[in-house]
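Peer 1: Here is my input; please provide its structure:
(chains A, B, C and D)
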Protein chains: 4
Amino acid sequence: MGFHKIINDPVYGFITIDHSLINDIISHPYYQRLRRIHQMAMAHLVYPGAVHTRLHHSLGAYHLMRCALQELIEKGIDITPEEQLGAKIAILLHDIGHGPFSHALEHVMAEGMNHEDISLALMKELNIQFNNQLQMAIDIFQNKYHKKFLHQLVSGQLDVDRMDYLTRDSFFTGVSEGVIGYDRILKMLTVHNGELMIEEKGIYSIEKFIVARRLMYWQVYLHKTVVSAEQMLQRIVKRARFLGADCDEPLFSFIHNSERSLEKFCNMDDTDVLMAIKKWRFHKDKPLSLLCEGLINRKLLKVRYFAEPVNAAFVAERKSIIKSQLGLSDEEVSWLVFTGEATSRTYDFEEEQINILFKDGTVKDISAVDNALINENLSGKIKKYYICLLN
Amino acid sequence: MGFHKIINDPVYGFITIDHSLINDIISHPYYQRLRRIHQMAMAHLVYPGAVHTRLHHSLGAYHLMRCALQELIEKGIDITPEEQLGAKIAILLHDIGHGPFSHALEHVMAEGMNHEDISLALMKELNIQFNNQLQMAIDIFQNKYHKKFLHQLVSGQLDVDRMDYLTRDSFFTGVSEGVIGYDRILKMLTVHNGELMIEEKGIYSIEKFIVARRLMYWQVYLHKTVVSAEQMLQRIVKRARFLGADCDEPLFSFIHNSERSLEKFCNMDDTDVLMAIKKWRFHKDKPLSLLCEGLINRKLLKVRYFAEPVNAAFVAERKSIIKSQLGLSDEEVSWLVFTGEATSRTYDFEEEQINILFKDGTVKDISAVDNALINENLSGKIKKYYICLLN
Amino acid sequence: MGFHKIINDPVYGFITIDHSLINDIISHPYYQRLRRIHQMAMAHLVYPGAVHTRLHHSLGAYHLMRCALQELIEKGIDITPEEQLGAKIAILLHDIGHGPFSHALEHVMAEGMNHEDISLALMKELNIQFNNQLQMAIDIFQNKYHKKFLHQLVSGQLDVDRMDYLTRDSFFTGVSEGVIGYDRILKMLTVHNGELMIEEKGIYSIEKFIVARRLMYWQVYLHKTVVSAEQMLQRIVKRARFLGADCDEPLFSFIHNSERSLEKFCNMDDTDVLMAIKKWRFHKDKPLSLLCEGLINRKLLKVRYFAEPVNAAFVAERKSIIKSQLGLSDEEVSWLVFTGEATSRTYDFEEEQINILFKDGTVKDISAVDNALINENLSGKIKKYYICLLN
Amino acid sequence: MGFHKIINDPVYGFITIDHSLINDIISHPYYQRLRRIHQMAMAHLVYPGAVHTRLHHSLGAYHLMRCALQELIEKGIDITPEEQLGAKIAILLHDIGHGPFSHALEHVMAEGMNHEDISLALMKELNIQFNNQLQMAIDIFQNKYHKKFLHQLVSGQLDVDRMDYLTRDSFFTGVSEGVIGYDRILKMLTVHNGELMIEEKGIYSIEKFIVARRLMYWQVYLHKTVVSAEQMLQRIVKRARFLGADCDEPLFSFIHNSERSLEKFCNMDDTDVLMAIKKWRFHKDKPLSLLCEGLINRKLLKVRYFAEPVNAAFVAERKSIIKSQLGLSDEEVSWLVFTGEATSRTYDFEEEQINILFKDGTVKDISAVDNALINENLSGKIKKYYICLLN
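Peer 2: Got it, this is the predicted structure:
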């Protein structure tokens, strides 16, 4: 009888922590910080239930990994206890490197670094603190471990990360159409030639999974009001950087690129950014104070989507009107009226592949099976153009 | 304060009966008969929860009609109380003409009649019994009423019948991937130029609806074990007819084409057929007794699906083996080894259309909008070929 | 890698069949018969979703047993693979002895026998057919096996039978208030001194479980319309027996007490009874035909509940009115106007006990813990008196 | 066709905003502030999903009010459009006066004021800003309006506030046993002699509601880890006040009792408190820094519950040990080792009453009906004693 602890989860019922090392990692301040980072940044301004945290998502993905491993073992796939522990730690920590508001500020807050790099750095630091017990997890995370399917469960077209975030995000937003059949997909997982695959019977569940993702992108993640709020958030940080606007440490170091460190990073979360925004509402710079006031009180920039790039004359006209209304300079108005692009892919034919294993041993990409819903027609990105502007 | 009665429904919570005429129709023996007809015929042999009834589905569709009308009225569409009552009665009775095991025996039991014809005949009979109060419902049902969208709600690509059966069947089977966002679709309904349409914001919900239907077809309705059981059921009736096998009235009249009447039809349900099958297990005709024994004890014919028509030599070989094993004639073995086709359409481009109403007033078919998931590639039927054979 | 098969269940998601013997038992005609027996007899006349079967309930209870055993093993309780298989088979077959309409006809159809006796007889018969592989299951079922907690999981105050039927019945009726936290209760199970107990942290879940059961009794199982329909069903069988009314075998033998056999029993299900009732609608005996007509068309006897025994003068008066209305004899009218009692217990202090295991090793009955909701005040039976009468 | 906007809610599906004044109130900065106040303070440290906000709860309670009014109107109760709007606004704003971390800091942050007083003050301020359109809402909120049942829906033993928080809190924690049948309770509401009552058929739902609340208290709201975290939170504020510890405005004014104003209050939320705690981790005062470090990193004080007041010698001993371990004074150690009481009532017989309206017109308190589960035995408070101490 080993370590055994349960956590209530509205999505899966109960999550079982089955190893003391996993419990120790969860208890570490690096991991607890994820409690203070929203999983979906500003989406709660449209979907008020979407206030769940990175910590909750990481726990959920860990739970699905535990289920996936159990399923594969029951099917006779050889996975040692050490490999199981490694895979579970790898997924538990896959998002440990996310900073405030996760993706929404990912390339803005710590320029030139993505969250996977920071996750890896933090995993290495934890590996030292935990006497090398995380080495297997790091190898799996970096795809250096010879059983490739373990990495594919952590990061791939069918990884448990994606399965959890789609399930969890649709649960907390209440967008029931984003629900995927994660339990059925898990039961259809198999390993063939060392790679993760889906049994033939699971084809329709995979189609549903891909279509649910497409729906979540356009109905939630790229909802125009969410795009507006997250653009405002990014521009607030950039404008504050541009102005040298004051704020407290450790945020100051990250905004103003001074003496950043992993330790400071680990002391920073959504709170720091929100607090700064609350103060900058009273900053003398008009674009900054307008953006901050707007984000706090949900007076958001208006967004319109177009199939084509936004007409330049239209943008110029709007800028001109707002400039004169508020007495702004050309430079200033460009923070309050601007254009951009939003893109998503239904299925990426170049990089990713979901392989279906047929009963006769054949392997086919999901887009190549007979009567495929997901076909070459969908290969291109969907790109939409938008304008954001002060109302 | 009018009539008000509530019925518990695990799918929608509560169904409100809001008019005494509707309550009287539900209480009528014709309607109560639907309690004894399985909604999904033999699907419960694969999905043990799928034992819900035609009565339950009809009540559910009535509930969705009530919600849809309320939604349209809130949007300012003019619908009189009489029209509301008519539309609600039309949907309540749309399946009243189903016989034992619904679709599975539809063209076998009463040859040359489909259930819509019988539904209409029964609605007319009820109209007499209820002093002409069903005339509006009959007009809507027959698409003779000038407000076409009312008929479209009863029968069309986006009717509440379809919304209920997908929702209900996925609920009772436990195939969570078949879940559609019926509540969101209802909120996106609108009427334009007298026709039912979907607002622009509902595009992704409709895509999801179409993909969910596709999934339900292949995972549930055309699941090979379900196809096997329903083929056995049809062949039992046909073989009994061929043999002049005995059974009780009113089933006897329908199987042996003697003195059929609407009244007899209304006394017949799944019970009569099941009881006959239980007896025919002991019939001296081998094909009949084997099929009956198999269906009752769930020893079903084995089914295999193929992308191409089944190889004739393979069929002949299987027949020959079983013939000699059981000492059957050529004629007899053809009841136990046979081939067939199963087809479904993801979206039917010829007959049906789901129109999207854009904010600027444009109307487009769902397959014609930018970046459509549902496109011409999917226009053909999906056809699969199967063989059924004694194991 | 052993036997592995999954079944969709709307209540629990997936049920895993993990042993070929269990699969063989499920495939046996004795077990398949349970598909044709309603779990809740006539409750679907009030709750139209409640048409689930004894087979579905048995599978569900098997699933909970599997979860409970896994939980106990993780807590270090010693349970051998043979004991696990035995306990799983015992629960799978605990209801195999139910006849048509289960409890509603239990003591009427086969007088003097309850379903547990027949279950045992059938388990012994199956044990012969399966070469003695069911001996452990039989020992556990009869409480002859030395590890008493295994029997308690099959039959006791906290057995998985009860957990499944409360969960399943509330699911299919849509009475959400009957929902119990079965997953939490399972996680709180433990074994102490060889007996099944609940950990201290589970007290409130148990209180909730007991209150949910109380609610289900009065809102569902003893709902006056359900009581009416089930009384009618019983009286139909009794009246047919009294009259020597004709029906087909094997029902004839059971109604008329002639040549009953286990084999005949196994060929009888709800269909046989329903078919007989459909025919007896046209029987020349007025009470019988009225009861049958009423049950088929849901024109039920009216029921009223009273806190005291029903006033005799009131009963006499109603009888007299109906007698003269329909031209019946005294004997005949007593089938259409009659009184009865319905009782339930919230918690039975004499026979049953739910033991709570405290952290310090103390064991207390749930009714004896501090601030207990379930206390001696609730020890008496709740008894209500009713009259059933033709409307 | 009036104002019509929908908001996704994972709990109820969709919430409809049906009046422009309600939309304007929701859009007001006072209301938007509730987005930054956790509904359940520190409960998310035990139940990671419990991060929902006061704004979400208020919207949910508004939704239930809308349903309740609709139900009563369908039953023929006279409620004018103005009264409906008033009741909906009253419930929407009932929690507007909550400060950071709601109840957890209620009497600590603004000493001597409870949140209802502040709610009223803010409603009056909004009434000015919205040209007196909130007067009816204020009258209902203060129970000055002659139709008493409207106030009872806002605040009473069966108010929609309670129905929403139980439903929502059990949803987000995943404690399924806390689920109440809110939809059935709503359908059982009625008005008799101007007071809110429950129809006879709703008795068991009410029992369930009261038991669910009892369970939520002890399993969630007074869970020992939650109690620990919320005690730490309170003591942090008190210690900071005692020390004159520095922090930013407007929090500074509230902690140090200087120049408090309604305007400052409306600029304060969880963020301000969290940010101060993050800084005070590095404060030179040991009790303060230890408490802050502990709360941020979830290294909580250990809590034990007792049925009797905690043994004084035991407390003294623990204090002494920790004093010498950390080199603290007597005064200092009392911030890290302390005792307290937690109380709840299952049903309060003195102040509150839930009236059942019987079919014959009789009215009885729920505790006075026959066979009541909720009886005098439960009238006393349940009181438990605890010790909190550094681990």
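
Peer 1: leaving aside the residues next to it on the chain, what's closest to A:L300?
Peer 2: A:S228 (4.6 Å; C-beta to C-beta, 6 or more residues apart in numbering or on different chains). C-beta: built from backbone N, CA, C; applies to glycine.

Peer 1: That neighbour reaches A:K299, doesn't it?
Peer 2: No - A:S228 is beyond contact range of A:K299, at 10.5 Å (criterion: C-beta atoms under 8 Å).

Peer 1: quick one, which of these two is more surrounded?
Peer 2: Between A:S228 and A:K299, A:S228 has the larger neighbour count (other C-beta atoms under 10 Å in any protein chain shown), namely 22 against 15.

Peer 1: in what helix or strand does that one lie?
Peer 2: Assigned by DSSP states H and E, A:S228 belongs to helix A:224-243.

Peer 1: what's the answer for A:F338, then?
Peer 2: Counting by DSSP H and E, A:F338 is part of strand A:337-344.

Peer 1: re earlier: and the residue nearest to A:L300, what does it touch?
Peer 2: Residues near A:S228 by C-beta atoms under 8 Å, 6 or more residues apart in numbering or on different chains: A:300-303, A:388.

Peer 1: go again using 7 Å as the cut-off
Peer 2: By C-beta atoms under 7 Å, 6 or more residues apart in numbering or on different chains, the contact list for A:S228 reads A:300-301, A:303, A:388.

Peer 1: so what are the domain limits for chain A?
Peer 2: With automatic domain parsing as the criterion, the domains of chain A are listed as A:5-221, A:224-343.

Peer 1: didn't A:R54 look like it was pressed against A:L34?
Peer 2: Yes - in this structure, A:R54 is within contact of A:L34 by C-beta atoms under 7 Å, at 4.0 Å.

Peer 1: Tell me how many other residues crowd the residue lying closest to A:V160 once chain neighbours are set aside.
Peer 2: Distances taken as C-beta to C-beta, 6+ apart place A:L64 nearest to A:V160, at 3.9 Å, with adjacent residues excluded. As a burial measure, A:L64 scores 24 neighbours (other C-beta under 10 Å).

Peer 1: Tell me the residues of the stretch 151-300 of chain A that contact chain B?
Peer 2: With C-beta under 7 Å from any C-beta of the partner chain as the criterion, the stretch 151-300 of chain A comes near chain B at residues A:176-177, A:179, A:181, A:184, A:204-205, A:207-208, A:211, A:214-215, A:218-219.

Peer 1: nearest to B:R162, of those?
Peer 2: Checking those against B:R162 with C-beta to C-beta, the nearest one is A:E177 at 15.9 Å.

Peer 1: How much space separates the residue most central in space within chain A from A:F172?
Peer 2: The structure's chain A has its C-alpha centroid closest to A:H103; by C-alpha atoms, centre = their mean the separation is 5.8 Å. A:H103 sits at a distance of 16 Å from A:F172 (criterion: C-beta to C-beta, to the nearest Å).

Peer 1: same check, this time on A:T339
Peer 2: As defined by C-beta to C-beta, A:T339 lies at a distance of 31 Å from A:F172.

Peer 1: These two: which is more packed in?
Peer 2: Each of A:T339 and A:F172 had its neighbours counted (other C-beta under 10 Å), and the higher figure belongs to A:F172 (28 against 16).

Peer 1: Verify the contact between that one and D:P10 for me.
Peer 2: Yes - here A:F172 lies in contact with D:P10, judged by C-beta under 7 Å, at a distance of 6.0 Å.

Peer 1: can you tell if the strand holding A:F338 touches chain B?
Peer 2: No - when contact is scored as C-beta under 7 Å from any C-beta, no part of strand A:337-344 falls within range of chain B; the minimum is 9.5 Å.

Peer 1: what angle separates that strand from helix A:224-243?
Peer 2: For strand A:337-344 against helix A:224-243, the angle between stretch directions is 120 degrees (axes from the mean of the first three to the mean of the last three C-alpha atoms, to 10 degrees).

Peer 1: Can you give me the pLDDT of whichever residue of the stretch 51-200 of chain A sits closest to chain D?
Peer 2: Taking C-beta to the nearest C-beta as the measure, the point where the stretch 51-200 of chain A comes nearest chain D is A:G174, at 3.7 Å. What the model reports as pLDDT for A:G174 is 95.

Peer 1: Repeat that for the one 3 residues further on.
Peer 2: The pLDDT attached to A:E177 in the predicted structure is 82.

Peer 1: Work out for me the element A:Q84 sits within.
Peer 2: With DSSP H and E as the criterion, the answer for A:Q84 is helix A:81-92.

Peer 1: what helices or strands is whichever helix or strand comes after that helix leaning on?
Peer 2: Secondary structure here is assigned by DSSP H and E; on that basis, the next helix or strand after helix A:81-92 toward the C-terminus is helix A:106-109. Using 3 or more C-beta pairs under 7 Å, 6 or more residues apart in numbering or on different chains; DSSP states H and E, the elements in contact with helix A:106-109 are helix A:224-243.

Peer 1: if you set the cut-off to 10 Å instead, what comes out?
Peer 2: Contacts of helix A:106-109 with other secondary structure elements, assessed using 3 or more C-beta pairs under 10 Å, 6 or more residues apart in numbering or on different chains; DSSP states H and E, are made with helix A:115-129, helix A:224-243, helix A:251-255.

Peer 1: what comes into contact with the shortest one?
Peer 2: Going back to what we said before, that points to helix A:251-255. Residues external to helix A:251-255 that are found in contact with it (C-beta atoms under 10 Å, 6 or more residues apart in numbering or on different chains): A:99-100, A:105, A:108-111, A:236-238, A:240-241, A:244-247, A:258-261, A:264-265, A:267-269, A:271-273, A:275-276.

Peer 1: Buried members of these into PyMOL, please.
Peer 2: Below is the selection syntax for PyMOL that covers the buried ones among these, with 16 or more other C-beta atoms under 10 Å in any protein chain shown defining burial:
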select buried, chain A and resi 99+100+105+108+109+110+236+237+240+241+245+247+260+265+267+268+269+271+272+273+275+276
